[in-house]
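Visitor: compute the structure for the input listed below.
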Amino acid sequence: MSTIEDTALDVEAWLDENWDPDLTVAEWWARMAEARLAHPMLPAPWGRDWSRNQAAELAQAMVQRKALGPPSGLGMMLAAPTIIAHASEELQHRLVPRILDGQHGWCQLFSEPGAGSDLAGLQCRAERDGDEWVVTGQKVWTSLGQWADYGILIARTDPDAPKHRGITYFAFPMLQDGVEVRPLREMTGRALFNEVFLDEARVPHANVIGDVGDGWRVANTTLMVERSGIGGNNVAAPSAAIPGTIAGHLDRPAGSFENEVPALAEGGVGAGRVKSFIKLARETGKLEDPTIRQDLMRLQTMVEITGWHLGRMKSGNAATGGEGNLAKLRNSDVVRLARDLGCRILGPGATLMGPDAPSGGSIQEMTMFSPSPSIYGGSDQVQRNIIGERVLGLPKEPGPAKDTPFRELPQNTSPSR
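Guide: Residues are numbered from 1 along each chain as shown. Model (predicted):
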């Protein structure tokens, strides 16, 4: 494998030859996918098996050229890694290429109104009908569902099996009768999340990922990737273009998104954010404030430790099995510190929103978004419970025996996960 230095040189040459703002989004993303640069941290043949630092080199080079980033969203973050890990080779080759070139947008159909922290208590059901499954139920907190062509869906296929063993994982087609998506407006003013109603919607049996009844094991791969991703710094160049057939972005010029805000709110905190804070503190005369300097150093330290932690996970040296949970907890702490520090640097200007506000509104939007990381992907309290039980070996809360059939459990009252 090439070194980071060699990779940077290759990336520079490739971008010089290939980036063209007059290309359509679809054409540009197709070039990235063909070069295995859409998600270079994936294994071959989909990616280049790059480290996080190597992927960051690519992102930095793209930002310098103001090149549109690769397809964003849950297809890249969650669906592709899970499909590669668990799906048949036929299903991988049918689904993954359309994720990498942005032709299909994806969402996550996991949480339900009565099954969030207790995800395995889900009641959305799927019943076999020949070569298809008929799905009925409700999902909620479905990010980007209004633009999704597919969803990663977990549904109960055997209510007579124990709670964790009667679940199956599907690649679910969203564009069909029987699927209703209702956006949920947030305090940021956006509608990132949705509730989704499924009324006898259908999914081919060929779209089962893993084995029937083994969906909980597959879902844990998704959750591990999600928590690691939430806990890590962004390693892709920003992209305001939304993948898939619904948003209508594929035919627009790739260079036309330069001044547009990405669909995902600005909640990430990495080395770039720390540098912007230092610059802003210098401009506002706050850099000599000892408490500001102390918290800038504290934020830089936490970001660096997170990078080391994620690098250890990528290298296969994770020792406890709870690294993803620890990364997610640390991210909540980092975002809270960044929010408080950014607002202290801005002073009264932190109360103003919009592109004409101080910091271009970036810190203000992060502030509005800041409660989210401690909730989505499993709340901080859930992460601590998982670490306590699975890593530290602490006893679980009392509850029914593990082999109790799901239909015999008190619904939505069990504390076990």
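Visitor: from here on, contacts and neighbour counts on C-alpha atoms
Guide: Fine.
Visitor: quick one: name whatever helix or strand follows the helix or strand hosting Lys139.
Guide: Using DSSP states H and E, Lys139 sits in strand 132-140. Downstream of strand 132-140, the first helix or strand assigned by DSSP H and E is strand 150-156.
Visitor: buried stuff in that following strand?
Guide: Neighbour-count burial for strand 150-156, counted by 16 or more other Cα atoms under 10 Å, picks out Tyr150, Gly151, Ile152, Leu153, Ile154, Ala155, Arg156.
Visitor: helices of this structure, residue ranges please.
Guide: Assigned helices in the chain, in chain order: 4-18, 25-34, 52-64, 74, 80-86, 89-100, 215-231, 271-283, 290-314, 323-346, 362-369, 380-386 (criterion: DSSP state H).
Visitor: so which bits of the longest one are buried?
Guide: The reference is to helix 290-314. Residues 292-293, 296, 299-300, 302-303, 306-307, 309-311, 313 are the ones in helix 290-314 that count as buried (16+ other Cα under 10 Å).
Visitor: now swap in stretch 383-390 and tell me
Guide: For stretch 383-390, the neighbour count (16+ other Cα under 10 Å) marks Gln383, Arg384, Asn385, Ile386, Ile387 as buried.
Visitor: try stretch 177-196
Guide: Quick answer for stretch 177-196 (16+ other Cα under 10 Å): Val179, Glu180, Val181, Pro183, Leu184, Ala191, Leu192, Phe193, Asn194, Glu195, Val196.
Visitor: of the residues you listed, which is the nearest to Met32?
Guide: Set against Met32, the nearest of these by Cα to Cα is Leu192 (26.0 Å).
Visitor: does the closest one touch Ser143 like I think?
Guide: Yes. Counting by Cα atoms under 8 Å, Leu192 touches Ser143, with 5.4 Å between them.
Visitor: show me the contacts for the residue of the chain positioned farthest from its centre.
Guide: Taking Cα atoms, centre = their mean as the measure, the residue most remote from the mean C-alpha position of the chain is Glu288, 36.9 Å away. The contact partners of Glu288, by Cα atoms under 8 Å, 6 or more residues apart in numbering, come to none.
Visitor: roughly how far apart are it and Arg98?
Guide: According to Cα to Cα, to the nearest Å, Glu288 and Arg98 sit 50 Å apart.
Visitor: need the CA coordinates for stretch 338-352. CSV is fine.
Guide: Extracted as CSV, the C-alpha positions of stretch 338-352 are listed here (Å, rounded to 0.1, in the frame of the first residue of the first chain):
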residue,chain,number,x,y,z
ALA,A,338,-17.0,23.0,21.0
ARG,A,339,-20.5,24.5,21.4
ASP,A,340,-19.7,26.2,24.7
LEU,A,341,-16.3,27.4,23.5
GLY,A,342,-17.5,28.7,20.2
CYS,A,343,-20.3,30.7,21.9
ARG,A,344,-17.9,32.2,24.4
ILE,A,345,-15.6,33.3,21.6
LEU,A,346,-18.5,34.9,19.7
GLY,A,347,-20.0,36.5,22.7
PRO,A,348,-23.4,38.2,21.9
GLY,A,349,-22.9,37.3,18.2
ALA,A,350,-23.6,33.7,19.1
THR,A,351,-27.3,34.6,19.3
LEU,A,352,-27.4,35.6,15.6
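Visitor: residues of that stretch that come out buried?
Guide: By neighbour count on 16+ other Cα under 10 Å, the buried set for stretch 338-352 is Ala338, Arg339, Leu341, Gly342, Cys343, Arg344, Ile345, Leu346, Ala350.
Visitor: now those residues as a markdown table including pLDDT?
Guide: Below are the buried residues of stretch 338-352 laid out as a markdown table (pLDDT from 0 to 100):
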| residue | pLDDT |
| --- | --- |
| Ala338 | 94 |
| Arg339 | 95 |
| Leu341 | 96 |
| Gly342 | 95 |
| Cys343 | 96 |
| Arg344 | 96 |
| Ile345 | 96 |
| Leu346 | 95 |
| Ala350 | 93 |
